[in-house]
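Undergrad: Output the structure for:
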Amino acid sequence: MSQESSFSDYLRWKSLAVWEKPTSEHQMVKGLNPLCGDEIIIYYCLSENNTIEILSLGGESCSICSAAAGFLFRNQNHFQRNQIQSYLTERKKFLDGEDSSLFQDFEEVSFFRTLRSHPGRYRCGLLPWQTLVKLNEEKK
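TA: The predicted model follows:
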């Protein structure tokens, strides 16, 4: 894949997630980017083994933020609470030019490589992960 992904890639990546409020019992957390107005809602439940299961996503956001949320949903919908900060930290390090062993999804790596050349949009690509961290902090 080239460094510049097409709009259809972003739509496909967004479609990796379920974008509707679940009908089952759930909790929610909302993340906002005050610079651009992106909003991500994570609908989730807490499992007995201290993991967070993401049931679906919601909110209005740009294609970059929505694509990142699609990866969040697809790659790991059961998150170990003691590892959540590391998911965000590894993606931040990757955007700063460091390779990461935490996530190995080729498409997600390609997405973040493209995002590297647009530092003004880092917050868009990281908002879903920051919202996951916020969820974990609220549930302590």
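
Undergrad: Show me what the worst-scoring helix or strand of the chain on mean pLDDT packs onto, helices and strands only.
TA: None of the helices or strands of the chain scores lower by mean pLDDT, DSSP states H and E than strand 78-80, at a mean of 81. With contacts defined as 3 or more Cβ pairs under 8 Å, 6 or more residues apart in numbering; DSSP states H and E, strand 78-80 has these neighbours: strand 51-58. The way it works is simple: take the backbone N, C-alpha and C, and place the C-beta from them, glycine included.

Undergrad: Tell me which helix or strand comes right after the strand it packs on.
TA: Downstream of strand 51-58, the next assigned helix or strand under DSSP states H and E is helix 63-75.

Undergrad: and that following helix with strand 51-58, angle?
TA: Angle of helix 63-75 versus strand 51-58, following axes from the mean of the first three to the mean of the last three Cα atoms, to 10 degrees, is 140 degrees.

Undergrad: Heading C-terminal from the least confident helix or strand of the chain, find the next helix or strand.
TA: According to DSSP H and E, the helix or strand after strand 78-80 is helix 84-95.

Undergrad: residue at max distance from the center of the protein?
TA: With distances taken from the mean C-alpha point of the chain and given as Cα atoms, centre = their mean, the most distant residue is residue 48, at 23.1 Å.

Undergrad: That residue: what secondary structure?
TA: Assigned by DSSP: H, G, I helix; E, B strand; the rest coil, the conformation of residue 48 is coil.

Undergrad: Relative to residue 96, how far out is it?
TA: 37 Å (Cβ to Cβ, to the nearest Å).

Undergrad: again with residue 63
TA: Here the criterion is Cβ to Cβ. By it, residue 63 lies 23 Å from residue 96.

Undergrad: Compare the two and say which is more crowded by neighbours.
TA: When residue 63 and residue 96 are compared for neighbours, residue 63 comes out ahead with 16 against 10, by other Cβ atoms under 10 Å.

Undergrad: give the contact list for that one.
TA: The contact partners of residue 63, by Cβ atoms under 8 Å, 6 or more residues apart in numbering, come to 7, 10-11, 14.

Undergrad: could you redo the last one with a cut-off of 6 Å?
TA: residue 10 (Cβ atoms under 6 Å, 6 or more residues apart in numbering).

Undergrad: Okay then, goodbye and thanks.
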